[in-house]
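S.K.: show me how the following folds:
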Amino acid sequence: MYVRLAAAVAASLVAAAVAHAQSLQPLPALPTGASANIKQLSGDGSTLAAINDSTIYRFRNGAWQSLANDWTPFQGEANPYRLRDSGVHLSRDGLVVGATARTTQFDGFFARIYRDGTWRSTQFPSLVYGISADGNRYVGEALFSSNTVPHVGTWNGSSYTVIEGNTSSVFPSEQRFSQGPLQGADDIRRFQGISADGQTAISYSSGVGGGTIVRHGQSPAANVGRPAGQPLPVPGSEEFLSPVAMSGDAGVIVGLFTNNDGATQRPFRWTAATGSIFLNLPALPTADISFDGNMLVLANGNIYYHNIADTLTAAQVLTSGGIDINNWSDLRITQLSDNGQTLAGFGTFNSPPGVITNTPWVATIPTPSMLAMLAVTALVSSRRKRTNV
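M.R.: Next up is the predicted model:
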């Protein structure tokens, strides 16, 4: 009875979605004419950020805007700097942008924050790896000759107050998922993510003896530790637990477990209720995760839904959400908004007389269509479970 009802509901919802389908369209080219290399989507889905060599572009209200024309040279360097390819982060509304630049004259990095129409300097040398929803706090790392240390900046009304090394005044609680490096052997310590409210962060600590995820917060969380059922490393060997993503509400942390020889990488998911549990995923996870941690973008461009323990391809997500993908192939999702309804990615666009690969796109799926997708997936998942019994 339940299966027949679910099938009827799913069919009616999908029919409604198809009837109101929107066609997936390529994003406009950058002002330079180049295709947009999308790096970030804001939490509210309103803003995209892209990088082209030394310039950051922001896509809002249907148009690209250049943000990197007024960077102040450092120590007499030529302007502009070359941007670090992976270092772009957005506040929830997309108005505050965190970026990392690499100096062209010597091997150094520094973080910059775009706020109120201008780029603001931070302490050199540093990198930014995450920014809070309101843009008032960012986290990253500071670089020194032999090691790196955590770096956090907090907006004071006119600039960012920076703390490096001991950040307990910002995050009083610190919990390691495993022993990680031997005592005093932390060669690398860097923040790699921050919660939407800026009150919780994750960092990575590695060196002689291994590496581990560290949770930083206002108070300790329950069940912080290694993945369940994993044997302890034998004396003299190393293991690494590296952070990949943290949900905006800080309730979910996704990481990778790597054994001593580095050949095995197993993704796992932590919550206070379950502890760290291995995930059976068809591809490695990425840093893009929904606010509640239910949706996780994978490296192959698909999305893993934890509530149904199943993965959907980009094409399945879009079509179930009422998006017409005719003329597209090889679709991949790379970014998603907090609620998972706005998606961005790349694909092959068949536009006669030619075919354009790695074409960027963005699409918003209405809530009813998302429910349709989940209903269909739940139905397929229930049938699969019965088949395997």
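S.K.: mind listing the strands for the stretch 201-350 of the chain?
M.R.: All strands of the stretch 201-350 of the chain, identified by DSSP state E, counting those that start in this stretch, fall at 201-207, 210-217, 239-246, 253-258, 265-271, 275-278, 285-289, 295-298, 303-305, 310-312, 323-324, 328-336, 342-351.
S.K.: looking at those, which is closest to S46?
M.R.: Nearest to S46, of all these, is strand 342-351, at 8.2 Å by CB to CB. No exception for glycine: its C-beta is placed from N, CA and C like everyone else's.
S.K.: pull up the pairing partners for the closest one, direction included.
M.R.: As defined by DSSP bridges, the strand partners of strand 342-351 come to strand 328-336 (antiparallel), strand 354-364 (antiparallel).
S.K.: what would the strands of the stretch 201-350 of the chain look like in CSV with distance to P125, mean pLDDT and mean neighbour count?
M.R.: Output for the strands of the stretch 201-350 of the chain, formatted as CSV (distance: least, CB to CB, whole Å; pLDDT from 0 to 100; neighbours: other CB atoms under 10 Å):
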stretch, distance to P125, mean pLDDT, mean neighbour count
strand 201-207, 18, 92, 24
strand 210-217, 22, 93, 23
strand 239-246, 22, 93, 23
strand 253-258, 27, 94, 22
strand 265-271, 29, 94, 20
strand 275-278, 33, 95, 17
strand 285-289, 22, 95, 21
strand 295-298, 30, 97, 24
strand 303-305, 36, 97, 22
strand 310-312, 39, 95, 18
strand 323-324, 43, 96, 18
strand 328-336, 28, 97, 20
strand 342-351, 31, 95, 20
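S.K.: the ones you listed: which one's closest to Y114?
M.R.: Closest among the strands of the stretch 201-350 of the chain, using CB to CB: strand 328-336, at 18.6 Å.
S.K.: measure how the closest one sits relative to strand 285-289, angle-wise.
M.R.: 60 degrees (axes from the mean of the first three to the mean of the last three CA atoms, to 10 degrees).
S.K.: what's in contact with strand 328-336?
M.R.: 24, 38, 40-41, 48, 286, 288-290, 295, 297, 300-303, 313-315, 317-318, 325, 342-350, 357, 361 (CB atoms under 8 Å, 6 or more residues apart in numbering).
S.K.: and the strands of the stretch 201-350 of the chain as CSV, adding distance to N136?
M.R.: Listed next are the strands of the stretch 201-350 of the chain as CSV, based on distance: least, CB to CB, whole Å:
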stretch, distance to N136
strand 201-207, 14
strand 210-217, 17
strand 239-246, 18
strand 253-258, 22
strand 265-271, 26
strand 275-278, 30
strand 285-289, 21
strand 295-298, 26
strand 303-305, 30
strand 310-312, 35
strand 323-324, 35
strand 328-336, 22
strand 342-351, 23
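S.K.: mind checking which of those strands is nearest E141?
M.R.: Using CB to CB as the measure, strand 201-207 is the one of these that comes nearest E141, at 8.5 Å.
S.K.: for that closest one, the distance to its chain's centre please.
M.R.: 16 Å (CA atoms, centre = their mean, to the nearest Å).
S.K.: do stretch 291-307 as well
M.R.: So, by CA atoms, centre = their mean, the centroid of stretch 291-307 is 10 Å from its chain's centroid.
S.K.: contacts for that stretch, please.
M.R.: Applying CB under 8 Å, 6+ apart, the contact partners of stretch 291-307 are 43, 196, 245, 247-249, 251-252, 254, 269, 271, 279, 281-286, 288-290, 310-314, 317, 331-336, 338-340, 345-346, 374, 377.
S.K.: what's the answer for stretch 149-168, then?
M.R.: Stretch 149-168 is touched from outside by 111, 113, 115, 120, 122-123, 126-127, 135-142, 169-171, 174, 189-191, 201, 203, 216, with contacts defined as CB under 8 Å, 6+ apart.
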